[in-house]
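Novice: Predicted model and sequence follow; I will ask about them next.
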Amino acid sequence: MKNNRRQFVKNTLSTVLGVSIIPRNVMGNGFTAPSDRFNVGVIGLGAQSGGLIGRISKISDARIIAGCDIHQKRLNRFRKLINTEYIKYGIKGTALIYEDFDKLIENSNIDGVVVSTPDHWHAIPSINAMKAGKHVYCEKPMSHTIQEGRAMEMIARKYNRVLQTGSMQRSRADFRKACELVRNGYIGNIEKVWIEVGNPSAACNLPFQETPDYLDWDRWLGPAPARSYHDIIVEKGWFPNWRWYREFGGGILSDWGAHMFDIVQWALGMDDSGPVKYEAPMEPTASRGLKMHYNNGIEVEHRNFGRGFAVRFFGSKGTLDISRSFFETNPKELINIKLKPTDIKLYISESHENDWITSAKNGSKPICDVEVGHRTATVCHIANLAYEYRRPLNWDPIKEEFIDDFEANLRRSKRYRKPYELIL
């Protein structure tokens, strides 16, 4: 897989970066020539983008050279943040600013695009970027519908692009070790799993508010149904609450399910599959109690077991609890087990962002490849649908369709508000 940088970049002044293209051998070891650098544009400059920008800026052979948003306050914040990063790392010049992500994608100097928009805007810019030859780091959950996810996978394969999904717990050693213990049978045969990830999504019924003059609200909505602005969706809190509503996200169930369901998928070796039956509680207001069944008989229950957003695996030899703040086993000595040479060893990534860039340069699949992201997002989408319908859903993970359920099959996709349509 090759970067799509045009040949003239190697022989001309980089107007964005303000430096000349100098061969590496002239500068010595440890210097990255601009012609070898992986240039990144960021689409969506809200809260999540700040951490991504900071971590990518630390990678010696990567540089953020552009940002895009339709929120003027966030564009101003990006200007200040990126100027700080450039000063910190001794970079001359400044980054480009866009309000139209397709214009950013057209920039031939950009090798990879970070998509850190709300969920309902993940698929369109990701697909447009890959069609234009860019690699993509897409925040989690990767898609807003099941069919979007499969479309993203098909485009990534067709155009030979790397898409890394932002389920970054796979790049943490404690989560990897936990999954290896489960995969290799150190807690015995898995009997069931408890997982806490927050509430399912709900319909957005917020009242009317005037749209502020610094926001292009129609473009923020994009493919979502038309409705009035409300600050709870866009402004309130560091992480705005658009994610609560199914028009824009998948509730906290999807927001954290894209992390914790992802760990269950990884631990059980189900990255190319998923549960085949979803049973939601019948109580119309219940936000916990969903049971998901894999073909091998393992039951995963969405349950608040008193430890925050976390996963508990029950095996015939013990239990294992894992979250971002703890990693515990019972018996305690299980956590100290050293893997044998013959044991299954999982993909090692110490930096989710660097793994994306390295994979893009090498032409290899990243730790959270587009297929992985699609399958985990699918679990989130079906879980939300089960809570909405309050009836069992039977899923065929090979055909990717619900069995004998016309209504549910219609919900594998969504209507796109014109002119914001998904074009393959």
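Specialist: Sure, I can see it. Bear in mind that the values here come from a model prediction, so they are computed numbers and not experimental data.

Novice: And this structure, split by domain according to the record?
Specialist: Domain segmentation of the chain under automatic domain parsing yields 7-169, 170-347+375-424.

Novice: Give the rounded mean pLDDT of the longest one.
Specialist: In this case it means domain 170-347+375-424. Average pLDDT, domain 170-347+375-424: 97.

Novice: still on that earlier bit, nearest to residue 357, out of the domains of the chain?
Specialist: The minimum distance between residue 357 and the domains of the chain falls on domain 7-169, with 5.0 Å, by C-beta to C-beta. Bear in mind the C-beta positions are built from the backbone N, C-alpha and C, glycine included.

Novice: distance between the closest one and the chain's centre?
Specialist: 15 Å (C-alpha atoms, centre = their mean, to the nearest Å).

Novice: now swap in stretch 411-424 and tell me
Specialist: When distances are taken as C-alpha atoms, centre = their mean, stretch 411-424 is centred 20 Å away from the chain's centroid.

Novice: Now do the buried residues in it.
Specialist: For stretch 411-424, the neighbour count (16 or more other C-beta atoms under 10 Å) marks 411-412, 414, 416, 422 as buried.

Novice: next one: stretch 36-54
Specialist: Applying 16+ other C-beta under 10 Å to stretch 36-54 flags 37-46, 48-50, 52-53 as buried.

Novice: same thing with stretch 129-141?
Specialist: So for stretch 129-141, counting by 16+ other C-beta under 10 Å, buried means 129-130, 132-141.

Novice: what's the answer for stretch 313-322, then?
Specialist: Going by neighbour count (16+ other C-beta under 10 Å), the buried part of stretch 313-322 is 313-315, 318-322.

Novice: and which of the residues you listed is nearest residue 178?
Specialist: Using C-beta to C-beta, residue 322 is the member of the buried residues of stretch 313-322 that sits closest to residue 178, with 4.3 Å.

Novice: quick one: that closest one and residue 376, what's the gap?
Specialist: Going from residue 322 to residue 376 by C-beta to C-beta, to the nearest Å gives 16 Å.

Novice: swap in residue 280?
Specialist: From residue 280 to residue 376 the distance is 19 Å (C-beta to C-beta).

Novice: Please say which of the two ends up with more neighbours.
Specialist: A count of neighbours by other C-beta atoms under 10 Å puts residue 376 above the other of residue 280 and residue 376, at 32 against 24.

Novice: Figure out the helix or strand that the more buried one lives in.
Specialist: helix 370-389 (DSSP states H and E).

Novice: now swap in residue 259 and tell me
Specialist: Using DSSP H and E, the element containing residue 259 is helix 251-268.

Novice: Can you give the distance of that helix from its chain's centre?
Specialist: 11 Å.

Novice: which helices and strands sit right next to it?
Specialist: helix 173-183, strand 190-196, strand 310-315, helix 370-389 (3 or more C-beta pairs under 8 Å, 6 or more residues apart in numbering; DSSP states H and E).

Novice: Indicate which one of the ones you listed is closest to residue 289.
Specialist: Closest to residue 289 of the helices and strands packed on helix 251-268, according to C-beta to C-beta: helix 370-389, at 9.1 Å.
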